[in-house]
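[1] Structure, please.
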Amino acid sequence: MRFVKHIVVMTIVIGLTACGSIDLSQLGSQLGALFPSRNTYPTPAGTMTLPPSSNPNANAPDMQAYRVQVGKKIMQANGDATFAGSLPDPLASIPVIEISLNADGSIRGLDVTRTSPFHPETAQMAMAAIRKAAPFGSIANLPQPWVFNETFLYNDDLKFQLHSLQP
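    Numbering: from 1, shown residues only. Presented below is the predicted three-dimensional model:
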């Protein structure tokens, strides 16, 4: 039911925005009562805010939703290694890790598919961050293979954000 309410609200917001009848800068306060509060946690660079994590044991409807769920759990488990705010240009390192899972959401394997020549250690840091957050909840309801990539976006302080959670 909550999903339907979100769809209806977003449809109305998009329609009003297209007509120029709503100021998006005030949207958050106007819709605050309709949406649950956000999770915030401190990081060395400020406060990181993520949408509430869905229950890690709940069945995600598709692989994309599951990836977002996994990304949120990685960020929350590694708050001290993350940064808030906009991405720097250029990024210091962009390792890509292939994550293979078992049906219960435990890690079957991690493989580096891309690493940085300037900061090769970030690939190991990214894999450690994934391991710290695991297990990720059952994925048995989704079709196999249970394999996907996660891209870590590192700043000059070697703190990360995840590509799967970028707006």
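[2] What is the least confident helix or strand in this structure?
    Ranked by mean pLDDT, DSSP states H and E, the helix or strand of the chain with the weakest confidence is helix 27-31, at a mean of 38.
[3] got the contact list for R114?
    Shown in contact with R114 (CB atoms under 8 Å, 6 or more residues apart in numbering): I94, P95, V96, T151. Where you see a C-beta, it was placed from the backbone N, CA and C, and this is true even at glycine.
[4] Quick check: the second one touching T122?
    Yes - using CB atoms under 8 Å, P95 and T122 qualify as a contacting pair, with a distance of 5.0 Å.
[5] so what's A133 up against?
    V70, K73, I74, Q76, A77, N78 are the contacts of A133 under CB under 8 Å, 6+ apart.
[6] Which residue is the nearest non-sequential neighbour of it?
    The shortest distance from A133 to any non-neighbouring residue, by CB to CB, 6 or more residues apart in numbering, is to A77 (3.8 Å).
[7] repeat for M127
    Per CB to CB, 6+ apart, closest to M127 is L110, 4.9 Å.
[8] Alpha carbons of the helix or strand hosting that neighbour, as PDB, please.
    Assigned by DSSP states H and E, L110 belongs to strand 107-114. The C-alpha trace of strand 107-114 is given here as PDB (Å, rounded to 0.1, in the frame of the first residue of the first chain):
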ATOM      1  CA  ILE A 107      29.200 -13.800  -0.400                       C
ATOM      2  CA  ARG A 108      30.200 -16.500  -2.800                       C
ATOM      3  CA  GLY A 109      33.000 -14.500  -4.400                       C
ATOM      4  CA  LEU A 110      34.400 -11.000  -5.000                       C
ATOM      5  CA  ASP A 111      36.400 -10.200  -8.100                       C
ATOM      6  CA  VAL A 112      38.100  -7.000  -9.100                       C
ATOM      7  CA  THR A 113      37.000  -6.000 -12.600                       C
ATOM      8  CA  ARG A 114      38.500  -2.600 -12.600                       C
END
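[9] Any buried residues in that strand, and which?
    I107, L110 (16 or more other CB atoms under 10 Å).
[10] partners of that strand in the sheet?
    For strand 107-114, the pairing partners within the sheet under DSSP bridges are strand 96-101 (antiparallel).
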